[in-house]
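Peer 1: Got a predicted structure here, sequence first:
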Amino acid sequence: MTDWLDPEPAEKVHKAEIVKSGTQELQESPAGAELVELAVDRLFEESTSVVSAAMGFADIDLGATECPEEWIERWGEKEAQKRFRIAQSAQMSHKEAPFALDMATKVAVAIARGKMDRAAPERQINIQIVSYEETNKAFRELEVVDGTDYSRKRSGRR
C-alpha cells in the first residue's frame with residue numbers, strides 16, 4: 001500500500017550530528033572573537049587607506065602620468081605609485097572607475113558605523129503607555145418603520 005507512510009524500523013533511522021559552521025565556533029570562543037576582531041580591524045585599515053589615497057585626486061593634475069615628487073618623498077616609491085594609481089582612478093567617472101573604490105568606501109563606512117554602535121550606550125526608547133477604561137455609552141433608541149426614522153422631530157420643511 002503506502003510504504004512511505006509507515007515509520008522506519010529503529011535500525012534504519014540515521015542520527016545526524018549538528019555541526020556548527022566555522023564562523024560560529026570562532027565567534028563563540030574568546031580566541032575566535034579576537035581573531036574576528038583582528039580581521040575586521042585589518043579590513044578597516046586597508047579600506048580606509050584606499051579611501052585616503054583616492055582623496056589625493058585633488059593633488060594631481062587631470063591626465064597626469066607621473067607621481068608627484070612630494071608623494072615619493074613622503075611615502076616612498078612603491079607606496080607613492082600605489083596611491084597615485086588609486087588617485088587617478090578616483091578622477092574617473094563613477095561608471096569608469098574600478099569597483100574597488102566604491103567597495104572600499106562602503107566597507108570603511110559600514111565598519112565605522114558598527115564600531116560606533118558597539119561603543120554607544122544602550123539606547124532608551126521614549127515610550128509612554130496610555131491606558132483608559134472603556135465606558136458603556138448609552139445610545140438613543142430610534143423607532144424605524146420601513147426605513148423611516150419616526151423618532152426625529154418633524155419640521156415644517158421638507
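Peer 2: That came through fine. Just so you know, these numbers come straight off a predicted model, no measurement behind them.
Peer 1: Please enumerate the helices of this protein.
Peer 2: Using DSSP state H, the helices of the chain run over 22-28, 30-54, 69-75, 77-90, 99-119.
Peer 1: list the helices and strands the second one packs on?
Peer 2: It refers to helix 30-54. With contacts defined as 3 or more Cβ pairs under 8 Å, 6 or more residues apart in numbering; DSSP states H and E, the secondary structure elements packing on helix 30-54 are helix 22-28, helix 77-90, helix 99-119. C-beta here means a position set from N, CA and C on the backbone, and glycine is covered the same way.
Peer 1: Quick one: mean pLDDT over the shortest one.
Peer 2: Mean pLDDT, taken over the full extent of helix 22-28, equals 60.
Peer 1: same thing with stretch 76-83?
Peer 2: For stretch 76-83, mean pLDDT is 92.
Peer 1: Export that stretch to PDB, keeping only CA atoms.
Peer 2: Taking only C-alpha atoms (Å, rounded to 0.1, in the frame of the first residue of the first chain), the coordinates of stretch 76-83 have been written out as PDB:
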ATOM      1  CA  GLY A  76      58.500  56.000  -0.700                       C
ATOM      2  CA  GLU A  77      58.500  54.900  -4.300                       C
ATOM      3  CA  LYS A  78      56.200  51.800  -4.000                       C
ATOM      4  CA  GLU A  79      53.500  53.300  -1.800                       C
ATOM      5  CA  ALA A  80      53.500  56.600  -3.700                       C
ATOM      6  CA  GLN A  81      52.900  54.800  -7.000                       C
ATOM      7  CA  LYS A  82      50.100  52.800  -5.500                       C
ATOM      8  CA  ARG A  83      48.500  55.900  -4.100                       C
END
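Peer 1: How far does it sit from its chain's centre?
Peer 2: 34 Å (Cα atoms, centre = their mean, to the nearest Å).
Peer 1: which residues touch that stretch?
Peer 2: Taking contacts as Cβ atoms under 8 Å, 6 or more residues apart in numbering, the residues outside stretch 76-83 that touch it are 53, 56, 67-68, 71-72, 74-75.
Peer 1: got a winner among the residues you listed for most neighbours?
Peer 2: If you count neighbours using other Cβ atoms under 10 Å, the busiest of those is Ala53, which has 23 neighbours.
Peer 1: Deepest in the core, which of the helices and strands packed on helix 30-54 is it.
Peer 2: Mean neighbours per residue, mean count of other Cβ atoms under 10 Å, is largest over those for helix 77-90, with a mean of 17.
Peer 1: quick one: it to helix 30-54, angle?
Peer 2: Angular relation of helix 77-90 and helix 30-54 on a 0 to 180 degree scale: 70 degrees, by axes from the mean of the first three to the mean of the last three Cα atoms, to 10 degrees.
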